Structure formats: structure tokens, C-alpha cells
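Chemist: Compute the structure for the input listed below.
(one chain, ligands or ions: 2)
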Amino acid sequence: MNKIKIAVIEGDGIGKEVIPAAVDVLHAVGLDFESVPVEVGYGKWKRTGQAMDEHDLDIIRSCKCILFGAITTPNDPDYKSVLVRIRQEIGLYANIRPFRSLNITIDSPLKPGHPFDFLIVRENTEGLYAGIEEFSEDRACTTKLVTKKGTVRIAKMACKLAKERKNRLTIVHKANVIKSCKFFRDICMDIAKQNSVQYNEMLVDAMAYNLILNPEKYDVLVMSNLFGDILSDMSAALVGSLGLCPSSNIGEEHALFEPVHGSAPDIAGKGIANPIAAILSVKLLLTWVQEFEKADLVQEAVDHVLENGIRTIDLGGSGSTTDVSGAVIDYIKTKSSLALGFS
Ligand code: NAI
Ligand code: MG
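Modeler: Ligands and ions are numbered 1, 2, ... in the order given. Down below sits the predicted model:
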């Protein structure tokens with residue numbers, strides 16, 4: 001079998017710390033892969049005037065999957081988001097973000113009463129991120145693009161995931177005010193009916209409120225691009241830290257895996273970033289390439305390390321990035337050698 005080619009984009013800030021840790025985890029589980037480093041982002045933009053060029057995109061296209069850290073957005077109106085461009089260029093239409101409560105108690109202002117486990121399915125190529133914008137001195141306008149093709153495919157993906165889980169879909173929108181949301185909602189409802197998926201609908205503002213109050217009530221939530229971006233960060237606060245939450249960006253042929261968080265310039269370079277979001281992004285990658293046992297082992301290792309109190313500062317601990325990733329790797333290596341009969 002050919003080696004899996006993985007484009008590794010560390011990006012900026014803490015991307016340069018958490019992605020190497022995640023790659024070490026991929027090696028530890030013994031995945032047969034070729035790592036293809038690609039430098040894109042703010043650092044490259046400062047050096048060359050371009051954050052990503054056509055050659056970078058060709059390399060990315062030639063890989064089956066991409067492991068992505070985060071990219072700092074410069075304060076320049078002409079700068080186009082690299083990640084949004086990658087998502088659009090290689091058709092990564094579904095951004096899937098799992099949020100699951102932990103078994104550990106952490107010092108968080110939000111303490112949900114019950115365990116929760118829900119998925120945000122965010123449309124990734126359209127909405128207000130489609131890049132249809134015009135500016136003049138006294139007016140700025142961003143168009144929210146919602147197409148039938150784009151909505152049908154994200155709704156089908158959400159229904160497929162709902163059927164693999166508890167068969168409960170919540171369609172999130174603002175159809176009472178925004179007509180393109182009504183268009184999105186109606187298509188999602190049709191697709192849910194066609195696929196015999198139980199569904200309800202909720203206005204995005206009420207959704208934010210209800211997710212904080214009763215996250216355990218939800219299974220799969222489907223929504224347009226901006227709503228998904230905002231509710232994802234809010235849901236990360238429910239879990240306890242942005243540093244714990246992974247995501248996958250799925251297309252017809254490619255998939256990109258990345259932590260939900262950004263480049264965190266406030267803590268970059270200090271070696272204290274939580275690597276778990278990036279490590280769990282590796283778990284999602286392993287699931288996508290159907291290495292289910294390896295994926296389970298990564299989750300087991302992360303749970304073990306957190307339960308044993310090896311935690312970074314965002315979780316009230318004092319461990320460094322490499323303390324946490326090293327402990328995850330030690331667990332994986334010990335488990336793997338036990339499975340081979342070594343002790
Ligand atoms: P951010 O996610 O980078 O940070 C928000 C807060 O969470 C910060 O206080 C940060 O220290 C903390 N945090 C994030 N990840 C953490 C981790 N792994 N461990 C511990 N603490 C963590 O969002 P922010 O500050 O709004 O954006 C910073 C830069 O990142 C901006 O330039 C933004 O455009 C970019 N960004 C990039 C994304 C991407 O490339 N996917 C996504 C979000 C933001
Ligand atoms: Mg975001």
C-alpha cells in the first residue's frame with residue numbers, strides 16, 4: 001500500500017508548537033505516512049509578500065490529507081485568509097467539530113450538570129465567508145452566499161453523521177430575519193425528511209443560550225459558516241478550553257484536520273500551549289483514513305494523561321506543551337509494546 005501523504009502546515013504562533021507534538025503522536029501510533037511540510041501564513045507573508053502561492057496549493061492538492069496548525073491574520077484589508085482559501089480551493093465543504101465533556105473537573109466558570117457529546121457541522125465554503133465584498137468610503141457590504149448545491153451537500157453530511165449517532169439533528173439558522181437562512185433551513189429540513197432523520201430547528205441566538213444551559217440535549221447541529229465559527233468557540237468554553245477541541249474539514253477527495261483554536265500570539269513561543277486539540281485532530285485524521293484502533297488509542301492516551309493531572313495552564317495545570325505530548329506518547333508506546341508482548 002502507498003504511504004499516506006500528509007501535508008503538514010504548522011502556520012504561525014502556537015501552530016509551530018502544537019503541530020510538531022501532534023506529528024510525534026502520529027509516529028508513535030505507527031502510521032505509515034510521508035510528511036510533506038508546507039510553509040504558508042503570516043510569517044511567509046512578512047518575508048515574501050505572499051501568504052501562500054500556487055506552488056503551495058499544488059503541493060497541498062497532491063496530498064491526501066492536511067494537518068494544519070493556525071495562521072495569524074495581519075491587520076491589512078488586502079490580506080485574504082489562507083485557511084478560507086484552502087477550504088474553497090480544494091472543496092473542504094464540511095467542517096465537523098466534536099464537543100465532548102471531560103471526565104475531569106477543571107476550574108471553569110461553566111459547569112454543565114450532565115455529560116454532553118455533540119457535533120457542530122459547519123458549512124465551510126459559503127455564507128458570509130464566500131468573499132463577496134465591496135467597500136467604499138462610507139459603505140461596506142458583505143454578501144451571504146447560500147447555494148442549493150452547497151446546502152444539500154452539508155445537509156446530507158449532517159444527516160449521515162446523525163444516523164451514525166443518535167439520529168437527532170438540530171438545524172440552526174436565523175430564518176425569522178434573514179431570507180438566505182430560510183432557504184438554508186428549508187433545504188436542510190427536506191434532506192432530513194428524505195433520510196428519515198429526526199430533526200428540530202432553532203434560531204442561532206436561542207441555540208447559544210440553550211447550548212450553555214443544556215448541552216446534553218443535543219446530538220448533531222448543522223449551520224452556516226459564521227454561526228458555526230461562533231458557536232464552536234463558545235462550545236470550546238463549555239468543554240473547558242479551546243486547547244482541547246479538534247476539527248476536521250472534509251471534501252470529496254481531501255480532508256484537513258486542525259485545532260479549533262487560532263495562533264494564540266499571547267502565549268506563543270512560551271512552550272505552554274495545550275497540544276491536546278492538535279493531538280485529537282490527529283485522532284480525527286486516523287479515523288478518516290480508517291485506522292480505527294490507532295484513533296481509539298490516541299483518545300485513550302489523552303483521557304489517561306488528563307485524568308492523571310498532566311495538564312497545561314489553560315486547564316489549571318503547570319505542564320508544558322511537551323510534558324503533555326510526551327506523556328501521551330509514553331502511554332501509546334507502553335500500550336503498543338504490551339500489545340506486542342513486551343514488558
Ligand atoms: P485564539 O484561538 O488564537 O486564542 C484565543 C484565546 O485562547 C487566547 O487567550 C489563547 O491564549 C487561548 N488559547 C488558544 N489556543 C490555546 C491552546 N492550545 N492552549 C492554551 N490556550 C489557548 O484566537 P484569537 O486570539 O482570537 O486569534 C489569534 C490569531 O489567530 C488571530 O490572528 C486570528 O485571526 C487567528 N486565528 C486563526 C485561526 C486558524 O488559523 N484556524 C482560527 C482562529 C483565529
Ligand atoms: Mg474560529
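Chemist: so Gly269 sits in a strand?
Modeler: No - the assignment for Gly269 by DSSP: H, G, I helix; E, B strand; the rest coil gives coil, which leaves it out of any strand.
Chemist: Just give me the neighbour total for it.
Modeler: By other CB atoms under 10 Å, 11 other residues sit near Gly269. (Each C-beta comes from the backbone N, C-alpha and C, glycine too.)
Chemist: where along the stretch 151-300 of the chain do the helices fall?
Modeler: 179-194, 204-213, 225-239, 276-288, 292-307 (DSSP state H, counting those that start in this stretch).
Chemist: From the contact counts, what lies against the fourth one?
Modeler: Translated: helix 276-288. When contacts are defined as 3 or more CB pairs under 8 Å, 6 or more residues apart in numbering; DSSP states H and E, helix 276-288 sits against helix 15-28, strand 65-70, strand 246-250, strand 255-259, helix 292-307, helix 321-339.
Chemist: Just send these back as JSON lines, with mean pLDDT, distance to ligand 1 and mean neighbour count too.
Modeler: Formatted as JSON lines, the helices and strands packed on helix 276-288 follow (pLDDT from 0 to 100; distance: least, CB to the nearest ligand atom, whole Å; neighbours: other CB atoms under 10 Å):
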{"stretch": "helix 15-28", "mean pLDDT": "98", "distance to ligand 1": "6", "mean neighbour count": "22"}
{"stretch": "strand 65-70", "mean pLDDT": "97", "distance to ligand 1": "4", "mean neighbour count": "26"}
{"stretch": "strand 246-250", "mean pLDDT": "96", "distance to ligand 1": "9", "mean neighbour count": "24"}
{"stretch": "strand 255-259", "mean pLDDT": "97", "distance to ligand 1": "6", "mean neighbour count": "25"}
{"stretch": "helix 292-307", "mean pLDDT": "96", "distance to ligand 1": "13", "mean neighbour count": "18"}
{"stretch": "helix 321-339", "mean pLDDT": "94", "distance to ligand 1": "8", "mean neighbour count": "18"}
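Chemist: want to throw these into CSV with distance to Arg87?
Modeler: Shown next, in CSV, are the helices and strands packed on helix 276-288 (distance: least, CB to CB, whole Å):
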stretch, distance to Arg87
helix 15-28, 16
strand 65-70, 10
strand 246-250, 6
strand 255-259, 7
helix 292-307, 23
helix 321-339, 26
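Chemist: Which one of those lies nearest to Asn124?
Modeler: Proximity to Asn124, assessed across the helices and strands packed on helix 276-288 by CB to CB, is greatest for strand 246-250 (5.9 Å).
Chemist: Now that closest one - C-alpha only, PDB.
Modeler: What follows is strand 246-250, C-alpha atoms only, in PDB (Å, rounded to 0.1, in the frame of the first residue of the first chain):
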ATOM      1  CA  PRO A 246     -10.200  19.400  17.400                       C
ATOM      2  CA  SER A 247     -11.900  19.700  14.000                       C
ATOM      3  CA  SER A 248     -12.000  18.100  10.600                       C
ATOM      4  CA  ASN A 249     -12.600  19.800   7.200                       C
ATOM      5  CA  ILE A 250     -13.900  17.200   4.800                       C
END
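Chemist: So in that sheet, which strands flank that strand, and in what orientation?
Modeler: Here strand 246-250 has these sheet partners by DSSP bridges: strand 94-100 (antiparallel), strand 255-259 (antiparallel).
Chemist: can you pull the contacts of the residue of the stretch 201-343 of the chain found nearest ligand 1?
Modeler: At 2.3 Å from ligand 1, Gly262 is the closest residue in the stretch 201-343 of the chain, using CB to the nearest ligand atom. Neighbour list for Gly262: Gly13, Ala70, Ile71, Thr72 [criterion: CB atoms under 8 Å, 6 or more residues apart in numbering].
Chemist: wait, doesn't the first one sit right on Asp266?
Modeler: In other words, Gly13. No - no contact is recorded between Gly13 and Asp266 when judged using CB atoms under 8 Å, the distance being 9.0 Å.
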